[in-house]
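> Predicted coordinates and the sequence they were generated for:
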Amino acid sequence: MSGRGNEQARKTAEALVYSSGFGNEHSSEAVPGALPQGRNSPQRAPLGLYAEQLSGSAFTEPRRHNRRSWLYRIRPSAAHPPFTPVAGGALRGAPFTETVPDPNRLRWNPLPEPAPGTDFLAGLWTLGGNGDATQRAGMAVHLYHATSSMDRVFSDSDGELLIVPERGGLLLRTEFGLLRAEPGHMALIPRGVRFRVELLDATARGYVCENYGQPFVLPDLGPIGANGLANARDFLAPVAAYEDTEGPVEVVNKFCGNLWSATYDHSPLDVVAWHGNHVPYVYDLRRFNVIGSVSYDHPDPSIFTVLTSPSDTPGLAGVDFVVFAPRWLVGEDTFRPPYFHRNVMSEYMGLIEGAYDAKTAGEGGFVPGGGSLHNMMSAHGPDRETFDRASAAELTPHKVDDGLAFMFETRWPVTLTPQAAEADHLQSGYDGVWQGLERHFSR
Ligand SMILES: O=C(O)Cc1cc(O)ccc1O
Ligand SMILES: [Fe+2]
């Protein structure tokens, strides 16, 4: 899109208003009187709108898991022509069976520059994942690099999309209204919700966790108490905004790993009013209330969980979204960076900005837009430089505020796509960062 297009999108993005809270029963109407009162499905919905329910949970799930929204729209979603399969580009879905799961520590540089005119959907590149989209279990790790706004509309039947911009702002035009997501924010598009991504800058880069499993929720706080970590009121849902446009619109649906396309004769972003709790949202990761040790030892990174997708086993997440936000380190007699460890969970890490405290920054290291994968039980932790530095550091209070990193931590190993396993931007010699950790043992 031209600079002018970006300018328009930015103007729109700067004027947005939101409805705040996590998991709320939000409600919104773009035209006064469009939202029915006292019932969901009146004989004739207000203003000649069609009433339609979008269910993100089975009808009968317990209230705390139940998710649905009622949409009041110009045309019902059912009014569409057949979908036909289209090529998915570099986008793949679970199950991932094309490579042998790899126990090695792996690290990638940022995605290469895409061709001009690449929109968000065409710019999605799948690194790998686990589970099975048809079983609604598991997750996929995608990266994106786009140079153009979407003209088309996308929806993902396979799962929710947690988008983590690293470079370039996004304007998300959804069925529920508009959201702005800049680097340092996260955005979430629930399963099945249609949206279009417009770029606020010339290019956009970032990460996507596609969650096939239970929807992300805020973690329980246990002894932390009633406040802390990501606070519910900092999550922002859109207010209703609709497109009343006729004319051909391509709508792409990801279904069981494949893309399907249909050309509608109107925009499906035509929702004039809505209410419910199956809604998209954005969250500024810098609002995260970081809790950590004020005595000794490095706490496990679960303390940094923004959102968790629970499984049927209490405490065992399908996937956790974890952020390493600016914080003070004050631990006494403590090796302060992340410790050496092997983990039954598999860890994909990305960097939004700056540096990460366990890894050397700069070219060939862990860089913004790059990523690392430490699969189930793979041994990792501070690289040699970090170990040497942190073992000798004077333990005065120290603020870690030179970066913003995150982790998608999942219960099952991540199997790579062939394009990730064979990528030119896969770093060779990542193992070398743990070379030279000399023995210091003496008795
Ligand atoms: O860098 C990592 O590997 C992620 C991580 C961070 C941390 O603070 C503790 C454990 C852990 O896996
Ligand atoms: Fe780790």
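Perfect, I can see it now. Numbers count the residues shown, from 1 in each chain. Ligands and ions are numbered 1, 2, ... in the order given.

> Could I get the full set of helices for this structure?
Secondary structure of the chain, counting by DSSP state H: helices at 3-14, 384-392, 418-421.

> Tell me which of those sits most buried.
Highest mean neighbour count among these (mean count of other CB atoms under 10 Å): helix 418-421, with a mean of 18. Using the backbone N, CA and C atoms, a C-beta is placed for each residue, glycine as well.

> how near is the closest residue in space to residue 121 that isn't next to it in sequence to ligand 1?
Distance criterion CB to CB, 6 or more residues apart in numbering; nearest residue to residue 121, sequence neighbours excluded, is residue 154 at 5.1 Å. Distance, residue 154 to ligand 1, by CB to the nearest ligand atom, to the nearest Å: 31 Å.

> per-residue confidence for residue 154?
At residue 154 the predicted local confidence, pLDDT, stands at 98.

> Just give me the neighbour total for it.
23 (other CB atoms under 10 Å).

> Quickly list what it is bridged to.
residue 195, residue 252 (DSSP bridges).

> With adjacent residues omitted, what lies nearest to residue 122?
Nearest residue to residue 122, sequence neighbours excluded (CB to CB, 6+ apart): residue 89, at 5.5 Å.

> give me the number of residues near the one you found?
By the measure other CB under 10 Å, the count of residues near residue 89 is 15.

> Show me the chain divided up by domain.
Per automatic domain parsing, the structural domains of the chain span 3-36+47-285, 288-428.

> Of those, give the one that comes closest to residue 441.
Minimum separation from residue 441 across those (CB to CB) falls at domain 288-428, 14.2 Å.

> pLDDT of the closest one, averaged?
Here the average pLDDT along domain 288-428 is 96.

> Report the contact partners of residue 426.
With contacts taken as CB atoms under 8 Å, 6 or more residues apart in numbering, residue 426 has the following neighbours: 106-108, 420.

> Kindly report the same for residue 395.
By CB under 8 Å, 6+ apart, the residues touching residue 395 are 331-334, 336.

> Quick check: chain neighbours aside, which residue is closest to residue 137?
Nearest residue to residue 137 in three dimensions, chain neighbours excluded: residue 131, at 4.1 Å (CB to CB, 6+ apart).

> my guess is that neighbour contacts residue 213, does it?
Yes - with contact defined as CB atoms under 8 Å, residue 131 reaches residue 213; the gap is 7.0 Å.

> okay, and the common contacts of those two?
Common neighbours of residue 131 and residue 213 (criterion: CB under 8 Å, 6+ apart): 137-139, 318.

> Any chance of those in JSON lines with distance to ligand 1 as columns?
Formatted as JSON lines, the shared contacts of residue 131 and residue 213 follow (distance: CB to the nearest ligand atom, whole Å):
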{"residue": "137", "distance to ligand 1": "23"}
{"residue": "138", "distance to ligand 1": "20"}
{"residue": "139", "distance to ligand 1": "17"}
{"residue": "318", "distance to ligand 1": "17"}
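
> Let's have the residues you listed in CSV, adding neighbour count.
Formatted as CSV, those follow (neighbours: other CB atoms under 10 Å):
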residue, neighbour count
137, 21
138, 27
139, 30
318, 24
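
> The closest residue to residue 267 other than its chain neighbours: what's it in contact with?
Once flanking residues are discounted, residue 267 sits nearest to residue 243: 4.0 Å by CB to CB, 6+ apart. Taking CB under 8 Å, 6+ apart, we find residue 243 in contact with 173, 267, 269-270.

> okay, residue 243: pLDDT?
Note on residue 243: pLDDT of 98.

> go on, the one 10 residues further on?
Per-residue pLDDT puts residue 253 at 98.

> so it touches residue 260, yeah?
Yes - counting by CB under 8 Å, residue 253 touches residue 260, with 4.8 Å between them.

> list residues touching both of those two?
When CB under 8 Å, 6+ apart defines a contact, the residues bordering residue 253 and residue 260 alike are residue 83.

> the more surrounded of the two?
Ranked by neighbour count (other CB under 10 Å), residue 253 and residue 260 place residue 253 first, with 20 against 17.

> OK, contacts around residue 328?
Listed by CB under 8 Å, 6+ apart, the contact set of residue 328 reads 292, 397-400.

> Whichever of those residues end up buried, select them in ChimeraX.
Selection of buried members from the contacts of residue 328 for ChimeraX, criterion 16 or more other CB atoms under 10 Å:
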select :400
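
> In terms of distance to ligand 1, which of the contacts of residue 328 ranks first?
Of all these, ligand 1 sits closest to residue 292, with 9.4 Å by CB to the nearest ligand atom.

> The stretch 51-200 of the chain: strands as residue ranges?
Counting by DSSP state E, counting those that start in this stretch, one finds strands in the stretch 51-200 of the chain at the ranges 68-73, 84-86, 106-108, 124-132, 137-146, 153-156, 160-167, 170-174, 177-181, 185-189, 195-199.

> Show me what the longest one pairs with in its sheet, parallel or antiparallel.
Listed by DSSP bridges, the sheet partners of strand 137-146 and their directions read strand 124-132 (antiparallel), strand 204-211 (antiparallel).

> Might you quantify the distance of that strand from its chain's geometric centre?
Taking CA atoms, centre = their mean, to the nearest Å, one finds the center of strand 137-146 at 8 Å from the center of the full chain.

> Residues of the protein that sit close to ligand 1?
When proximity is defined as CB under 6 Å from any ligand atom, the chain approaches ligand 1 at 298, 300-301, 338, 341, 343, 347, 358, 374, 380, 407.

> Can you name the two of those residues that sit furthest apart?
Most distant of the residues of the chain next to ligand 1, by CB to CB, are 298 and 374, 16.4 Å apart.

> Mind checking which of those two has more residues around it?
The neighbour count for residue 298 versus residue 374, taken as other CB under 10 Å, is higher for residue 374 (25 against 18).

> got the contact list for the more buried one?
Listed by CB under 8 Å, 6+ apart, the contact partners of residue 374 are 105, 343, 346-347, 349, 380.

> among these, which are in strands?
Among the contacts of residue 374, the ones falling in strands (DSSP state E) are 346-347, 349.

> In JSON lines: those residues, plus neighbour count.
Listed next are the ones in strands among the contacts of residue 374 as JSON lines, based on neighbours: other CB under 10 Å:
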{"residue": "346", "neighbour count": "24"}
{"residue": "347", "neighbour count": "21"}
{"residue": "349", "neighbour count": "23"}
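
> Output those residues as TSV; include the columns distance to residue 189.
Listed next are the ones in strands among the contacts of residue 374 as TSV, based on distance: CB to CB, whole Å:
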residue	distance to residue 189
346	24
347	24
349	22
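
> Of these, which is the nearest to residue 80?
Ranked by distance to residue 80 (CB to CB), these are led by residue 346 at 38.1 Å.

> which ones are touching the closest one?
130, 373-376, 409-414.

> Distance of it relative to residue 411?
According to CB to CB, to the nearest Å, residue 346 and residue 411 sit 8 Å apart.
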